[in-house]
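K.L.:
Got a predicted structure plus its sequence, pasted below:
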Amino acid sequence: MRSELQLAVATGGIYFFYLYYGILQERIYKPDEQDGTRFGFTLFLLSVQCLFNFALGGIMSLVLDGGRLTQKKPVSASAETAPLGLRFSGTAWLAFFSATYLAAMSCSNMALQHVSYPFQALAKSCKMVPVMLANVVLGGKSYSVTEYLIVLMITGGVVLFRLAKSKQGFGMEGNSAMGLTLLAGSLCLDGVTGSSQRLFSSEFKPSSNFLMAGMNFFSLLYVVPVVLYTGEFFAAVDYVQAHPAVTYDLIAFSVCSAVGQVFIFYSVVTLGPLATTTITTTRKFFTVLLSTILYPENQFNNGQWFAVALVFAGLGSEIVQKYARTQDKQIAKKDE
């Protein structure tokens, strides 16, 4: 396909599936309109989501990669660049960041029981903060002053958004302290996951489909026994039977998660990481905007809109900086 058509396909797929993903995620965790009960079975939801992700990733790996798992080393080989200088086998390393990936999603989903979806979406925009910290600690990377200023702008915007929400002005509402803690934990786990994935991919060169299937396979190994042992599976089934409308939301949410990941991988392969970052960043803005339109209780005041603008101004600056670095590299290659 021509590059313009590739961009249209990637953007359309990511926007459609992840915007709908956001709507469904918020709807699943909202109190039922009839009896006021709330879906609180996060691990059950994650097990369904991981099952769909694993199934689609495995099918894509078999069909598109011919069953080939890696391009460089067998996954069981030892790695020289594992986190903190540890020597992991490829399988153990994959199992490690699959656990942090699952824990990050668990914290993010559970936070929705304590904070609004727009705030969760904005807070997740701070992902680059723990990713940068993890890259410095685990990967030995260094960053420029400009990059740290961009992080400060994004983080400051999220903090301002939370403070401006209080009816008393710049204060904190106690009932969402748990939500803030869960989001902080999710971001830190995202940082460890992202840094570990980068090092793992550099060492073993796995196909993107295998990485998707492998991470969700190990996540299922972790979450399914816990869901069964705690009885959450049976409690969730009882809740779904009492609230049949949730069934569609759960399945559609999981389908959007799986297919959305495929479009992101497609965008990375065909358009590159920079274009993918641009698409996913603008998608987050429209997710926040759509939530305020669909749910009147999520309406923003002037201070919150300023905070949203600050966050996406920082994200836009990050994209511009990445684009400039890409252009410099292309010029350097031409000069060679």
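P.N.:
Okay, I see it. What you see is a predicted model; the values in this text were computed from it and never measured.
K.L.:
What is the least confident helix or strand in this structure?
P.N.:
Taking mean pLDDT, DSSP states H and E as the measure, the chain has helix 128-139 as its least confident helix or strand, at a mean of 68.
K.L.:
C-terminal to that one, what's the next element?
P.N.:
helix 145-164 (DSSP states H and E).
K.L.:
what's downstream of that next one, the next helix or strand?
P.N.:
Following helix 145-164 in sequence, per DSSP H and E, is helix 177-204.
K.L.:
tell me what that following helix is packed against?
P.N.:
helix 90-111, helix 117-124, helix 128-139 (3 or more C-beta pairs under 8 Å, 6 or more residues apart in numbering; DSSP states H and E). Just so you know, the C-beta spots here come from the backbone N, C-alpha and C atoms, and that holds for glycine as well.
K.L.:
Please identify the most buried of those helices.
P.N.:
helix 117-124 (a mean of 24; mean count of other C-beta atoms under 10 Å).
K.L.:
got a list of contacts for it?
P.N.:
Under the criterion C-beta atoms under 8 Å, 6 or more residues apart in numbering, residues 22, 25-26, 108, 111-112, 115, 157-158, 161-162, 165, 179, 183, 186-187, 190, 284, 287-288, 291-292, 295, 298, 300, 307-308, 311 lie in contact with helix 117-124.
K.L.:
Pull the contacting residues for the residue lying closest to A164 once chain neighbours are set aside.
P.N.:
For A164, ignoring the flanking residues on the chain, the nearest one in space by C-beta to C-beta, 6 or more residues apart in numbering is G303 at 3.2 Å. Going by C-beta under 8 Å, 6+ apart, G303 touches 160-161, 163-164.
K.L.:
what is the mean pLDDT for the helix or strand harbouring G303?
P.N.:
If you go by DSSP H and E, G303 is part of helix 302-335. The pLDDT scores in helix 302-335 average 74.
K.L.:
Now that helix: buried residues?
P.N.:
303-304, 307-308, 310-312, 314-315, 317-319 (16 or more other C-beta atoms under 10 Å).
K.L.:
what stretches of the stretch 201-336 of the chain score poorly on pLDDT?
P.N.:
Scanning the stretch 201-336 of the chain for pLDDT under 70 picks out the ranges 269, 272-275, 277-278, 322, 326, 328-330, 332-336.
K.L.:
how does it look with 90?
P.N.:
Residue ranges of the stretch 201-336 of the chain with pLDDT under 90: 201-215, 243-245, 261-336.
K.L.:
quick revisit: make a markdown table out of the buried residues of helix 302-335 and add distance to A95.
P.N.:
Listed next are the buried residues of helix 302-335 as a markdown table, based on distance: C-beta to C-beta, whole Å:
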| residue | distance to A95 |
| --- | --- |
| G303 | 44 |
| Q304 | 40 |
| A307 | 38 |
| V308 | 38 |
| L310 | 39 |
| V311 | 34 |
| F312 | 36 |
| G314 | 34 |
| L315 | 32 |
| S317 | 36 |
| E318 | 31 |
| I319 | 33 |
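K.L.:
out of the residues you listed, who's nearest S254?
P.N.:
L315 (27.4 Å; C-beta to C-beta).
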